[in-house]
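K.L.:
Sequence and predicted model, in that order:
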Amino acid sequence: MSAGHPHDSGYAVDLLFTDGLPQLDPDRGYRGAIAAKAAGITYRQLDYWARTELVVPTIRDAKGSGSQRLYGFRDILVLKLVKRLLDTGISLQQIRVAVEQLHAAGIRDLASTTLMSDGASVYLCTSNDEVIDLVSRGQGVFGIAVGKVLREVESTLVDFEPAASDPVDELAARRVKRTA
């Protein structure tokens with residue numbers, strides 16, 4: 001894969017959009033309802049995770065009544081990974097540690113990353129050797145291939161229109177459309 005150019009979050013932009021899918025703009029945001037649907041969670045979960053700072057939107061966080069959060073592609077990927085980990089019975093406390101590890105690692109090639117767990121802790125593996133080492137020590141019970149989840153999110157988001165970065169401009173555009 002190509003090295004790409006780094007984005008603010010430390011991930012390579014090019015690596016996230018492959019397999020012939022249309023190029024999604026990494027700086028555009030998706031409203032909460034779309035982010036929740038793409039991640040397979042309820043809006044209530046999304047709101048709770050944002051308020052407890054488990055997954056905070058990187059494009060724009062809510063600032064007071066009436067403002068909307070805008071989630072980037074990577075945010076939605078993390079939301080879906082959190083959902084998968086919850087579905088396997090991992091505690092929210094351990095998931096929080098895993099999310100912090102993902103952010104701290106600044107991984108460039110998410111497609112080759114695997115989240116492994118022994119049912120109690122979550123381990124971030126960036127190579128097959130790490131996965132094999134974890135399993136051989138009897139620690140790995142199951143794994144989540146981040147690349148597979150990444151492609152699921154990509155294909156889901158292709159069907160959704162991203163929100164404009166400036167909601168004032170978006171609202172103005174809608175008003176013009178309605179009056180025309």
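P.N.:
Right, received. Where do you want to start?
K.L.:
What's the local residue count around Ile76?
P.N.:
28 (other Cβ atoms under 10 Å). All C-beta atoms are positioned from the backbone trio N, CA, C, and that covers glycine.
K.L.:
and the host helix or strand of it, what other elements does it pack with?
P.N.:
Assigned by DSSP states H and E, Ile76 falls within helix 73-87. The contact analysis (3 or more Cβ pairs under 8 Å, 6 or more residues apart in numbering; DSSP states H and E) places helix 73-87 against helix 32-39, helix 43-51, helix 92-105, strand 114-117, strand 142-145, helix 146-157.
K.L.:
And those: which comes nearest Leu134?
P.N.:
Closest of those to Leu134 is strand 114-117, at 5.3 Å (criterion: Cβ to Cβ).
K.L.:
what bits of this structure have low per-residue confidence?
P.N.:
Within the chain, the stretches with pLDDT under 70 are 1-27, 64, 66, 106-109, 139-140, 161-180.
K.L.:
Not counting its neighbours along the chain, what's nearest Ile95?
P.N.:
Setting aside the residues directly before and after it, Ile95 is nearest to Leu85 in space (Cβ to Cβ, 6 or more residues apart in numbering), at 4.9 Å.
K.L.:
if I look at the one you found, how far off is Gln68?
P.N.:
For Leu85, the distance to Gln68 equals 26 Å [Cβ to Cβ, to the nearest Å].
K.L.:
circling back: from Leu70, how far out is the residue nearest to Ile95?
P.N.:
For Leu85, the distance to Leu70 equals 24 Å [Cβ to Cβ].
K.L.:
and the closest residue to Asp47 other than its chain neighbours, what does it touch?
P.N.:
Of all residues not flanking Asp47 in the chain, Gly32 sits nearest, at 7.2 Å (Cβ to Cβ, 6+ apart). By Cβ atoms under 8 Å, 6 or more residues apart in numbering, Gly32 lies in contact with 43, 46-47, 68-69, 71.
K.L.:
out of these, who's nearest Val97?
P.N.:
Once Cβ to Cβ is applied, the member of the contacts of Gly32 that ends up nearest Val97 is Leu46, at 20.2 Å.
K.L.:
For that closest one, give me its contacts.
P.N.:
32, 35-36, 39, 79.
K.L.:
Please repeat the previous calculation with a cut-off of 6 Å.
P.N.:
Applying Cβ atoms under 6 Å, 6 or more residues apart in numbering, we find Leu46 in contact with 32, 36.
K.L.:
And it, how far from Ser65?
P.N.:
Using Cβ to Cβ, Leu46 is found at 17 Å from Ser65.
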